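Novice: Kindly generate the corresponding structure for this input.
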Amino acid sequence: MKNLFFPVLTTWIVGLLPLQAQIPAATAKMNAFVSGLMSRMTLEEKIGQLNLLTPGGGVATGAVVSSDVETKISKGQVGGLFGVIGVEKIRKAQNLAISKSRLKIPLLFGSDVIHGYKTTFPIPLGLSCSWDMAMIEHSARLAAIEASADGLCWVYSPMVDIARDPRWGRVAEGSGEDTYLGSKIAAAMVRGYQGEQLSANNTVMACVKHFALYGAAEAGRDYNTTDMSRIRMYEYYLPPYKAAIDAGAGSVMTSFNEVDGIPATANKWLMTDLLRQQWGFKGFVVTDYTAINEMMAHGLGNLQTVSALALNAGVDMDMVGEGFLTTLPSSLQQHKITLRQIDDACRRILEAKYKLGLFEDPYRYCDDTRASREILSADKKQAARELGARACVLLKNNQQALPLKKSGTIALIGPLANNRHNMLGTWAISGDPQAAVPIMEGIKNAVGNSAKVLYARGANISDDSVFAKKVNVFGERIDIAPEPAEQLRAEALEVAGKADVIVAVVGEASEMTGEAASRSDIGLPGSQQQLLQALAKTGKPLIVVLMSGRPLTLTTENELATAMLQVWFPGLEAGNAVADVLFGNYNPSGKLTMSFPRNVGQIPVYYNHKNTGRPQPDGPTEKFRSNYLDVANDPLFPFGYGLSYTTFKYDNLKLQATLGLNEKMDLSFTLTNTGNYAGEEVVQLYLRDMEATIARPVKELKDFKKVLLQPGESKTIHFTIDREKLSYFNSNLQWGADPGMFDIMIGSSSADIRLKGSFELKAKS
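Specialist: This next block holds a predicted model:
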């Protein structure tokens, strides 16, 4: 077989390519300004720029709050702040740096803007299920406009960690299990945040997190160790980070886990060799919350030692821990670090401030008129409603139970049916839960006087007070009613008996997912399972609306429900968005970006797995095959899955029999809406390399399109197949494609393949 591979450096490297003869004028101007400023800085002031603090007073995102912040700002010992919200507070802090510090260097102001700012959008996992890159980019653009209007210039987003274990709470912040889709979303988010001009007052600098491999934490337990081969890193976990870097992300955040036995925050291969040299990243690297200090628990030494390790690795800014501030002078004297390393880190942070326009105008983001005009504006609320609807995934719809009619009597039941506290989801630290639209309000808005809506709570989210206390760290998300569980169910059954249809809104509390919210059991709590079992026995159509920040194990619920709609945590306009889908004002088009396991014993379960030499064939379970005795291999709901109120037909596939190495193939087929509703279909292209030099997955997503069709309408859909789509990393980490046969699969999900074909890649064009 001809070797069509070439070293990874020739495709991924940017920083080592020959430099242009002339540095762009804008870059030269920045270099001159920063060099001039640094020539006047003392060692202490340079190290001060590497210090990121939080004064507290807002919503905590870690266990430590910085002390004596004002004094440190005045002394030039602070490079940036986070956890400070609002124009007035930010202007006050910035004024302290400008008026009191010797060199008047402005501060960076950052925050965790994960899925919207004050106007909260669906959680990122929900947004990813739209498969709509323009919409996702628009969500980040709106978040940037709103956050920058309130004084911020830096956001800790997007989180691009690939995750295949739904026990990990932070899957809510990411885009699921697939590297191709995750890469597209990462780039879209960066473009949305940073816009066309970073120095504009309505853009913010993105911070890509968590670098790297955090989504593969063992056992799905937060902050846990990670261990994988380099091939798996390069093939599946690293590409979304690189896509974000290629899109121009200005900063990167380290992860808590180790990589090849070395914590990411001290990993020189990761931060310097890969990120800067191979990928050509020119921005700055900030740690996660106290990540430098936490390396002591890894067994790497005292605070001075781990701080020196982080700087040597290529870390520029220390979040909260103050190890850089307190130990780098001593490490410099003891030759554990060099002045050049301090200078490089300081320069990168000053360059970020320059690019944001802060030296030109430190108060660029402190315009009260913008804040009053942009925050919670009507256009953003409307976008939140539309985004919430487009994030929904229809999992089941027997007897065409959905969409609901706006008539008769509807029993609205469940602990999340009339609950404002949990609509926003995790990591909505700037949002106001009391401003959210609950499901009951949205349904009443939708039906007006045309239908009667009866409500009963039916159950607590959980009856376990010890569990509730763990969840309620940021406020009451699980409130346990004084009535016994039996009384709550009885009230629900009484309401259900008077209704034509039951809508049960169940799931997780918002803080049952997110950071430090791993779960070993990802089923519905027992209180809610018992409620659904009781409601199903009424024989009434049972519409289950599921709120969660992760895939859940839903085998029993799937059997009980007439229809199931996964809505994630929809955000500020939750009730209106969900009602739009339930009553058919919007035809659901969401597709899962993370597989739903049948039980936790299947985890990790993901679509692009590799075959063993003894794969389980379709049909009855066979002995001496790779399978379980007690459950099927496949997930309950696979990657890419999602139903519609209409149906789609795929036919007339056209492709070439052969493809030259440097040629492109146009693949086409016809998509027809064969139902009664206008609808959007996410058509998905999967490939499989049948003659590779190393084992390849059974299928890999290589392209997709979201297509809107009216009833009876047909469109010809085109995909392009080229060498890039056929390439992968071999065992030498070389990127290339093998000549030989490839299978093509086109379908409505990774499991629902509607069209199949094959072609041969020739070694020569």
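Novice: Tell me the predicted confidence for Gly56.
Specialist: For Gly56, the pLDDT comes out at 70.
Novice: where's it relative to Ile73, distance?
Specialist: 15 Å (CB to CB, to the nearest Å). Using the backbone N, CA and C atoms, a C-beta is placed for each residue, glycine as well.
Novice: what about those two, which has more around it?
Specialist: Ile73 (25 against 13; other CB atoms under 10 Å).
Novice: mind listing what's buried in stretch 378-388?
Specialist: Neighbour counts using 16 or more other CB atoms under 10 Å place Lys380, Lys381, Ala383, Ala384, Arg385, Glu386, Leu387, Gly388 of stretch 378-388 among the buried residues.
Novice: My error: substitute stretch 686-699 in the last question.
Specialist: Neighbour counts over stretch 686-699 (16+ other CB under 10 Å) mark Tyr686, Leu687, Arg688, Asp689, Ala692, Thr693, Arg696, Pro697, Lys699 as buried.
Novice: repeat for stretch 262-282
Specialist: Of the residues in stretch 262-282, those buried (16+ other CB under 10 Å) are 262-267, 270-272, 274-279, 281.
Novice: Out of these, the closest to Ile123 would be?
Specialist: Ala264 (24.2 Å; CB to CB).
Novice: Next up, the contacts around that closest one.
Specialist: Shown in contact with Ala264 (CB atoms under 8 Å, 6 or more residues apart in numbering): 210-214, 254-258, 270-271, 291.
Novice: Same check on Leu37?
Specialist: Taking CB under 8 Å, 6+ apart as the criterion, Leu37 is in contact with Leu103, Ile105, Leu350.
Novice: about what we covered before: which of the buried residues of stretch 686-699 fall within strands?
Specialist: Among the buried residues of stretch 686-699, DSSP state E puts Tyr686, Leu687, Arg688, Asp689 in strands.
Novice: Tabulate those residues in CSV, adding columns for distance to Leu659.
Specialist: What follows is these, written out as CSV (distance: CB to CB, whole Å):
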residue, distance to Leu659
Tyr686, 17
Leu687, 12
Arg688, 15
Asp689, 13
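Novice: Of those residues, which is the nearest to Ser548?
Specialist: The nearest one, if we look at those relative to Ser548 and count by CB to CB, is Tyr686, at 26.5 Å.
Novice: Would you confirm that the closest one contacts Pro697?
Specialist: No. Applying CB atoms under 8 Å, one finds Tyr686 not in contact with Pro697, separated by 9.3 Å.
Novice: Only alpha carbons, please: show stretch 309-328 as CSV.
Specialist: Coordinates of each C-alpha in stretch 309-328 appear next as CSV, following Å, rounded to 0.1, in the frame of the first residue of the first chain:
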residue,chain,number,x,y,z
LEU,A,309,6.6,24.4,36.7
ALA,A,310,3.5,26.2,35.4
LEU,A,311,5.5,29.2,34.1
ASN,A,312,8.1,26.8,32.5
ALA,A,313,5.3,25.0,30.9
GLY,A,314,4.0,28.1,29.2
VAL,A,315,1.2,29.3,31.5
ASP,A,316,0.9,33.1,31.5
MET,A,317,-1.7,34.0,34.2
ASP,A,318,-2.5,32.5,37.6
MET,A,319,-6.2,32.4,38.5
VAL,A,320,-6.7,33.3,42.2
GLY,A,321,-3.9,31.1,43.6
GLU,A,322,-1.3,33.9,43.7
GLY,A,323,1.5,31.4,43.4
PHE,A,324,3.1,33.5,40.7
LEU,A,325,2.8,36.7,42.7
THR,A,326,4.3,35.3,45.9
THR,A,327,6.9,32.8,44.6
LEU,A,328,8.3,33.9,41.2
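Novice: Tell me how far that stretch lies from the chain's centre.
Specialist: Distance of stretch 309-328 from its chain centroid, counting by CA atoms, centre = their mean, to the nearest Å, is 27 Å.
Novice: Stretch 723-733 now?
Specialist: 26 Å.
Novice: distance of Tyr628 from Lys725?
Specialist: Per CB to CB, Tyr628 is found 33 Å from Lys725.
Novice: quick one: the closest residue to Leu726 other than its chain neighbours and Ala763, what's the gap?
Specialist: Nearest residue to Leu726, sequence neighbours excluded (CB to CB, 6 or more residues apart in numbering): Ala737, at 4.2 Å. According to CB to CB, Ala737 stands 10 Å off from Ala763.
Novice: Counting neighbours around each, name which of those two comes out higher.
Specialist: Neighbours per residue (other CB under 10 Å) separate Ala737 from Ala763, with Ala737 holding more: 21 against 14.
Novice: Centre-most residue in the protein?
Specialist: Gly174 (2.0 Å; CA atoms, centre = their mean).
Novice: hang on, isn't that residue packed against Ala163?
Specialist: Yes. Applying CB under 8 Å, one finds Gly174 in contact with Ala163, separated by 5.5 Å.
Novice: Identify the contacts common to these two.
Specialist: By CB under 8 Å, 6+ apart, Gly174 and Ala163 have these common neighbours: Gly215.
Novice: Now do the residue nearest to Leu726, the pLDDT please.
Specialist: With respect to pLDDT, Ala737 has a value of 95.
Novice: That one and Ala692: what is the separation?
Specialist: Ala737 is 9 Å from Ala692, by CB to CB.
Novice: burial of Arg625, as a residue count?
Specialist: Look at Arg625: counted by other CB under 10 Å, it has 12 neighbours.
Novice: do the same with the one 4 residues further on
Specialist: Neighbour count for Leu629, taken as other CB under 10 Å: 6.
Novice: got the contact list for the nearest residue to it once chain neighbours are set aside?
Specialist: Leaving aside its sequence neighbours, Leu629 sits nearest to Thr621 (CB to CB, 6+ apart; 7.9 Å). Contact analysis of Thr621 by CB under 8 Å, 6+ apart lists Asn627, Leu629, Ala632.
Novice: any idea how far Thr621 is from Ile753?
Specialist: Between Thr621 and Ile753 the distance is 22 Å, computed by CB to CB.
Novice: same question, Glu511
Specialist: Distance from Glu511 to Ile753, by CB to CB: 38 Å.
Novice: So between the two, which is more surrounded?
Specialist: In this view Glu511 and Ile753 are compared by other CB under 10 Å, and Glu511 has more residues nearby, 25 against 17.
Novice: In this structure Lys336 contacts Ala308, no?
Specialist: Yes. At 4.4 Å, Lys336 counts as touching Ala308 under the criterion of CB under 8 Å.
Novice: Can you name the next helix or strand after the strand or helix carrying Leu181?
Specialist: Per DSSP states H and E, Leu181 falls inside helix 179-194. Scanning forward in sequence from helix 179-194 by DSSP H and E, the next helix or strand is strand 205-211.
Novice: Next SSE downstream of that next one?
Specialist: Downstream of strand 205-211, the first helix or strand assigned by DSSP H and E is helix 230-232.
Novice: what packs against that following helix?
Specialist: If you count contacts as 3 or more CB pairs under 8 Å, 6 or more residues apart in numbering; DSSP states H and E, helix 230-232 packs onto no helix or strand.
Novice: Need the contact partners of the very next helix or strand once past that helix.
Specialist: Counting by DSSP H and E, the next helix or strand C-terminal to helix 230-232 is helix 239-246. Helix 239-246 is contacted by residues 12, 158, 160-162, 175, 179-180, 182-187, 189-190, 206, 208, 211-212, 252, 275, 279-281 when judged by CB under 8 Å, 6+ apart.
Novice: Pull out the CA atoms of helix 239-246 and give them to me as CSV.
Specialist: Only the C-alpha atoms of helix 239-246 are listed here, as CSV (Å, rounded to 0.1, in the frame of the first residue of the first chain):
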residue,chain,number,x,y,z
PRO,A,239,-9.4,18.9,17.1
PRO,A,240,-12.1,21.2,18.8
TYR,A,241,-9.4,23.1,20.7
LYS,A,242,-7.5,23.6,17.5
ALA,A,243,-10.6,24.7,15.6
ALA,A,244,-11.1,27.4,18.2
ILE,A,245,-7.5,28.5,18.0
ASP,A,246,-7.7,28.6,14.2
